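> Can you look at this prediction? I've put the sequence above it.
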Amino acid sequence: MTTYAYLGPEGTFTQMALDAWAPARGAEHRPCGSVDQALTLLRAGEVDGAMVPIENSVEGGVSATLDALASGDPLVVVAEVLVPITFVLAARPGMPLGQVRAVGTHSHAWAQVRGWMESNLPDAVYVPTLSTAAAAEGLAAQGGSPAYDAAVCAPVAASNHGLEILAEGIGDNAAAVTRFVLVARPGDLPERTGADKTTLVLFQRDDHAGGLLELLEQFSVRGINMSRLESRPTKESMGSYCFSIDIEGHVLDERVGEALLGLKRVCADVRFLGSYPAAHGTAVQVSPVTTDAAFADARAWLRDLRTLT
Ligand SMILES: O=C(O)C(=O)Cc1ccccc1
């Protein structure tokens, strides 16, 4: 049976993403305490895949995931799942809202309920936890003096632990969506669907004027749209960054292959983090001058030139 690790414990949004992608009936789901733990199990060959959060429509990239994928033994994204996010504030039965002094949750959840907290619990202290469900679990398990009085979590995490809901729908943006990725060890490439994404991490050769432009023009001249661009410190020295990028297209698309060749020339390193079907399923718009056929025609023309002269 296929085994998947995920950011647990039970009741996380990550578990919802994994359930949506691979229902637990047909696969083993193994909860992990952190993104790093899930990826370590995967790298060690103890699980076949790992579901981890990568990006949120309100708070942006999940640094722990981006950094863990950018270094270490190579891993690749093989699928993405979008999950709409709804938060509740939950506490042990009998705790009134007015007595909540400290709130435990995941940093991305806290960032998404800041406005509600400011209006309703302006003096509440934030206590970070490794996931929203870990906050709910910790609250239920704690003895006499809990580190926090309430948890921001999914409704299912509150009910799993017999917590009472003090407020629901507390997210500042009702349309918030989090993007999760299923990561695997490099192996079979997901098939090309025409609605694909490719994830890359680019390391610059050196710091110079127009350096980022030089990387991005590799996409632009080949008609490739980017759907995410983030700079992350390489952790080597102050001011040293790599770029974590999602583009539209599959590594088997000619225009993507050509862009990768260009990047390989101008970058110190290019880390390929996979090509996989985009969750939205909408076919990538390709201009007539960047289709596979256009690249093949141009290559045939050059081949002829070289053999004729
Ligand atoms: O903590 C969770 O439940 C997670 O799955 C990570 C997360 C946290 C906040 C928003 C989306 C995902």
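Great, that's in hand.
> Could you list the buried residues of stretch 236-256?
241-251, 253-256 (16 or more other C-beta atoms under 10 Å). C-beta here means a position set from N, CA and C on the backbone, and glycine is covered the same way.
> Next, the distance between the ends of it.
Terminal residues of stretch 236-256 lie 29 Å apart, using C-alpha to C-alpha, to the nearest Å.
> Could you shift the numbering so residue one becomes 208, and keep it that way?
Sure thing, new numbering starts at 208, so read that last one as stretch 443-463.
> Among the buried residues of stretch 443-463, which ones lie close to the ligand?
Subset of the buried residues of stretch 443-463 in contact with the ligand: empty, counting by C-beta under 6 Å from any ligand atom.
> Widest-spaced pair of these?
By the measure C-beta to C-beta, Tyr448 and Glu461 form the most distant pair in the buried residues of stretch 443-463, at 29.5 Å.
> was I right about Ala340 contacting Glu217?
Yes: under the criterion of C-beta atoms under 8 Å, Ala340 makes contact with Glu217 at 6.4 Å.
> Neighbour count: these two, which is higher?
The residue with more neighbours, out of Ala340 and Glu217, is Ala340; 29 against 15, by other C-beta atoms under 10 Å.
> pull the CA atoms of the top helix by length along the chain into PDB?
For the chain, the helix with the greatest residue count under DSSP state H is helix 499-515. Extracted C-alpha coordinates of helix 499-515, given in PDB (Å, rounded to 0.1, in the frame of the first residue of the first chain):
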ATOM      1  CA  ASP A 499       6.300  22.700 -29.800                       C
ATOM      2  CA  ALA A 500       5.800  22.900 -33.600                       C
ATOM      3  CA  ALA A 501       7.400  26.400 -33.800                       C
ATOM      4  CA  PHE A 502      10.500  25.200 -31.900                       C
ATOM      5  CA  ALA A 503      10.700  22.000 -34.000                       C
ATOM      6  CA  ASP A 504      10.500  24.100 -37.300                       C
ATOM      7  CA  ALA A 505      13.200  26.400 -36.100                       C
ATOM      8  CA  ARG A 506      15.400  23.600 -35.100                       C
ATOM      9  CA  ALA A 507      14.900  21.800 -38.500                       C
ATOM     10  CA  TRP A 508      15.700  25.100 -40.300                       C
ATOM     11  CA  LEU A 509      19.000  25.400 -38.400                       C
ATOM     12  CA  ARG A 510      19.900  21.800 -39.000                       C
ATOM     13  CA  ASP A 511      19.400  22.300 -42.700                       C
ATOM     14  CA  LEU A 512      21.600  25.500 -42.700                       C
ATOM     15  CA  ARG A 513      24.400  23.600 -41.000                       C
ATOM     16  CA  THR A 514      24.300  20.700 -43.400                       C
ATOM     17  CA  LEU A 515      24.000  22.800 -46.500                       C
END
